[in-house]
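Engineer: Quick one: sequence and predicted model below, then my questions.
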Amino acid sequence: MLFSSRHIIRLACIFSLPSSFVYAENSVNVASSTQSQAVAVEEITQSESTDVITMEPPALSVNQWGLAIGMRRADIPFAVSEVSEDTAVYDILPLIRFENDYGFINGLEGGVHLWKNADHQVNVYSRFRFNDIPKEFQNQIKGQSFDFGFQYRYFDGPWEADIAVLSDNYKRAYGYTRALYRWKYDSWTLIPFAELKWKSADFNDYYYGFDLEQVGTGVSASGGIKGAYHVASNLHLIGQFGVTRLEDNVYDLERVEKNYQLESFLGIAFYPDPNKPFVRTAGKAKNDEYLRLAHGWATPSNIGDILKFNTERDDENNQMSSVFYGTQVADSLLTMPIDIYFTPGLVWHYSSDVQQDIAEVVLAIKAFYTFDFGPRWRLGIAEGLSYVSNITYIEGFELTGEDGKRGYENSSKLLNYLDFSLDVNVGDIFNNKALAQTWFGYSIHHRSGIFESSSVFGRIKGGSNYQTVYLQWHF
């Protein structure tokens with residue numbers, strides 16, 4: 001029965017994975033071959049007396065993982081001095097890194113493999129495109145988005161090259177070709193890169209000519225360097241600096257002021273510890289995968305009020321159910337005994353008098369700290385990305401308000417995701433070894449725009465909270 005269940009889970013994860021990959025970016029891939037090997041999932045055979053135990057790999061084997069956050073700064077190339085004091089855009093960016101045999105996420109770009117071998121990949125591909133305008137106009141004008149297309153990647157030792165063709169939601173096409181070189185020495189990883197970006201006439205006319213001037217096709221050139229410094233354990237400092245030269249027919253526009261656009265990024269990241277590889281073994285007491293089933297109720301209260309046990313009830317009684325899969329990628333964080341899991345999830349928001357059925361997809365990294373207080377307890381926190389098929393009522397009310405005080409022109413289906421949880425081991429409570437890997441808990445399911453600080457999330461302030469109860473089985 002266990003054999004059958006594992007294979008059902010494996011198939012479910014494989015077929016549900018592609019829908020989860022399309023929300024990702026290109027800011028900070030600082031992976032090295034050493035780090036990739038450190039988290040490689042291996043099948044390990046253990047011999048005990050005359051019995052041989054073969055450990056199956058997880059349903060979602062993870063080759064790379066990472067979680068980062070930092071500040072991006074980019075010049076505004078347009079002549080905006082008459083309408084704004086801004087000369088640059090600042091963005092807080094939470095970033096996820098993930099790679100397995102089926103696809104990858106690298107910051108705010110990602111893809112699903114259509115075909116690959118050791119040196120080549122063909123991917124269904126998406127990456128986030130920034131539209132650097134004054135922040136007070138970004139929610140109204142938008143322009144930034146995840147664009148979709150196809151990508152080819154080539155690997156040759158420390159060299160990597162790729163080419164992609166993409167389109168925005170209105171079929172304004174563009175493409176790029178990019179090359180980079182990975183150099184690693186001691187605690188440093190440096191990646192110089194160069195990129196050429198071809199843009200169609202429709203693309204340039206809209207994003208630079210604002211459909212008021214005809215610009216035509218063009219090719220811009222970018223170059224720079226990305227880097228990472230391993231501080232200690234899982235902690236890394238990461239950064240990027242680049243410059244883009246706009247083509248002359250764009251620079252000649254009346255509304256464009258700068259021919260060169262500078263861009264930088266600085267942040268911190270939690271990546272695999274290169275000095276302490278995480279390898280699963282059949283003899284480990286801890287299990288490496290889990291399924292979590294949860295049901296929750298919406299609340300208009302913010303996280304601060306919820307943690308103070310001062311929670312309001314949603315008058316419309318909006319509810320949701322979710323299923324999350326988790327696979328362990330590390331068993332320590334900053335030398336502390338904290339288990340780290342990569343955890344994708346599917347959420348269903350039920351219809352009510354004020355909303356229709358709504359689907360939600362989540363990608364996150366979650367950490368658990370276990371402690372004894374009678375039975376075993378765990379504190380958990382997850383960080384990631386959440387995308388909804390439509391804005392829920394509780395979130396729409398939070399963003400606009402009953403009297404429209406916040407006045408956002410546009411909401412965002414993609415928001416930052418947080419999960420706070422506390423659970424207790426069911427087997428310890430009932431002194432039942434058969435339930436030793438079952439946990440019962442409470443969690444807060446949270447989506448937010450990080451206080452208008454990120455154009456990735458539409459420059460909005462607000463979001464939604466659901467209080468949930470759940471059962472989590474490890475296997």
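Structural biologist: That came through, no problem.
Engineer: Low-confidence bits of the stretch 301-450 of the chain, can you list those?
Structural biologist: 398-407 (pLDDT under 70).
Engineer: Sketch out the strands for it, chain order is fine.
Structural biologist: Shown for the stretch 301-450 of the chain, the strands assigned by DSSP state E, counting those that start in this stretch span residues 319-330, 338-349, 358-372, 376-388, 414-425, 438-448.
Engineer: okay if I get those strands as a markdown table plus mean neighbour count and distance to residue 112?
Structural biologist: Heads up, the C-betas are built off the backbone N, CA and C, glycines and all. Output for the strands of the stretch 301-450 of the chain, formatted as a markdown table (neighbours: other Cβ atoms under 10 Å; distance: least, Cβ to Cβ, whole Å):
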| stretch | mean neighbour count | distance to residue 112 |
| --- | --- | --- |
| strand 319-330 | 21 | 17 |
| strand 338-349 | 22 | 13 |
| strand 358-372 | 18 | 13 |
| strand 376-388 | 20 | 15 |
| strand 414-425 | 20 | 18 |
| strand 438-448 | 21 | 24 |
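Engineer: export those strands to JSON lines and tack on distance to residue 114?
Structural biologist: Converted to JSON lines, these look like this (distance: least, Cβ to Cβ, whole Å):
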{"stretch": "strand 319-330", "distance to residue 114": "23"}
{"stretch": "strand 338-349", "distance to residue 114": "20"}
{"stretch": "strand 358-372", "distance to residue 114": "20"}
{"stretch": "strand 376-388", "distance to residue 114": "22"}
{"stretch": "strand 414-425", "distance to residue 114": "24"}
{"stretch": "strand 438-448", "distance to residue 114": "31"}
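Engineer: out of those, which comes closest to residue 90?
Structural biologist: Nearest to residue 90, of all the strands of the stretch 301-450 of the chain, is strand 414-425, at 16.3 Å by Cβ to Cβ.
Engineer: tell me the angle of the closest one relative to strand 376-388?
Structural biologist: With axes from the mean of the first three to the mean of the last three Cα atoms, to 10 degrees as the basis, strand 414-425 and strand 376-388 are set at 160 degrees to each other.
Engineer: Now do the buried residues in stretch 188-204.
Structural biologist: For stretch 188-204, burial by neighbour count (16 or more other Cβ atoms under 10 Å) applies to 189, 191, 193, 195, 197, 198, 199, 200, 201, 202, 203, 204.
Engineer: out of the residues you listed, which one sits closest to residue 319?
Structural biologist: Distance to residue 319 across the buried residues of stretch 188-204 (Cβ to Cβ) is lowest for residue 203, with 42.5 Å.
Engineer: Surely that closest one touches residue 176?
Structural biologist: No: taking contacts as Cβ atoms under 8 Å, residue 203 lies outside contact range of residue 176: 12.0 Å.
Engineer: Of the strands of the stretch 301-450 of the chain, give the one that comes closest to residue 300.
Structural biologist: Closest to residue 300 of the strands of the stretch 301-450 of the chain is strand 438-448 (Cβ to Cβ; 13.1 Å).
Engineer: how far out from the middle of the chain is that closest one?
Structural biologist: 19 Å (Cα atoms, centre = their mean, to the nearest Å).
Engineer: helices and strands around that strand, which ones?
Structural biologist: In terms of contacts (3 or more Cβ pairs under 8 Å, 6 or more residues apart in numbering; DSSP states H and E), strand 438-448 is packed against strand 289-299, helix 303-307, strand 376-388, strand 414-425, helix 426-430, strand 463-474.
Engineer: could I get the fifth one in PDB with only the CA atoms?
Structural biologist: So the one you mean is helix 426-430. This file holds the C-alpha atoms of helix 426-430, laid out as PDB (Å, rounded to 0.1, in the frame of the first residue of the first chain):
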ATOM      1  CA  VAL A 426      -0.300  13.300  17.200                       C
ATOM      2  CA  GLY A 427       1.600  10.100  18.100                       C
ATOM      3  CA  ASP A 428       3.200  11.700  21.200                       C
ATOM      4  CA  ILE A 429      -0.200  12.800  22.400                       C
ATOM      5  CA  PHE A 430      -1.800   9.400  22.100                       C
END
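Engineer: contacts for it?
Structural biologist: Contact with helix 426-430 is made by 374, 375, 376, 432, 433, 434, 435, 436, 437, 438, 439, 440, as judged by Cβ atoms under 8 Å, 6 or more residues apart in numbering.
Engineer: Now for the last one: which residues touch it?
Structural biologist: This means residue 440. Neighbouring residues of residue 440 by Cβ under 8 Å, 6+ apart: 423, 424, 426, 469, 470, 471, 472.
Engineer: Show the end-to-end separation of stretch 107-122, please.
Structural biologist: One end of stretch 107-122 to the other measures 19 Å (Cα to Cα, to the nearest Å).
Engineer: Strands along the stretch 51-200 of the chain, start to end?
Structural biologist: Using DSSP E, counting those that start in this stretch, strands in the stretch 51-200 of the chain cover 51-54, 64-75, 88-99, 103-107, 109-116, 120-129, 145-156, 159-167, 173-181, 183-185, 188-199.
Engineer: Tabulate those strands in TSV, adding columns for distance to residue 380 and mean pLDDT.
Structural biologist: Formatted as TSV, the strands of the stretch 51-200 of the chain follow (distance: least, Cβ to Cβ, whole Å; pLDDT from 0 to 100):
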stretch	distance to residue 380	mean pLDDT
strand 51-54	29	46
strand 64-75	14	94
strand 88-99	17	92
strand 103-107	21	93
strand 109-116	25	96
strand 120-129	28	96
strand 145-156	28	96
strand 159-167	35	97
strand 173-181	36	97
strand 183-185	33	94
strand 188-199	30	97
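Engineer: Dump those strands into JSON lines; add distance to residue 446 as well.
Structural biologist: Converted to JSON lines, the strands of the stretch 51-200 of the chain look like this (distance: least, Cβ to Cβ, whole Å):
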{"stretch": "strand 51-54", "distance to residue 446": "40"}
{"stretch": "strand 64-75", "distance to residue 446": "16"}
{"stretch": "strand 88-99", "distance to residue 446": "13"}
{"stretch": "strand 103-107", "distance to residue 446": "21"}
{"stretch": "strand 109-116", "distance to residue 446": "23"}
{"stretch": "strand 120-129", "distance to residue 446": "22"}
{"stretch": "strand 145-156", "distance to residue 446": "22"}
{"stretch": "strand 159-167", "distance to residue 446": "31"}
{"stretch": "strand 173-181", "distance to residue 446": "35"}
{"stretch": "strand 183-185", "distance to residue 446": "37"}
{"stretch": "strand 188-199", "distance to residue 446": "33"}
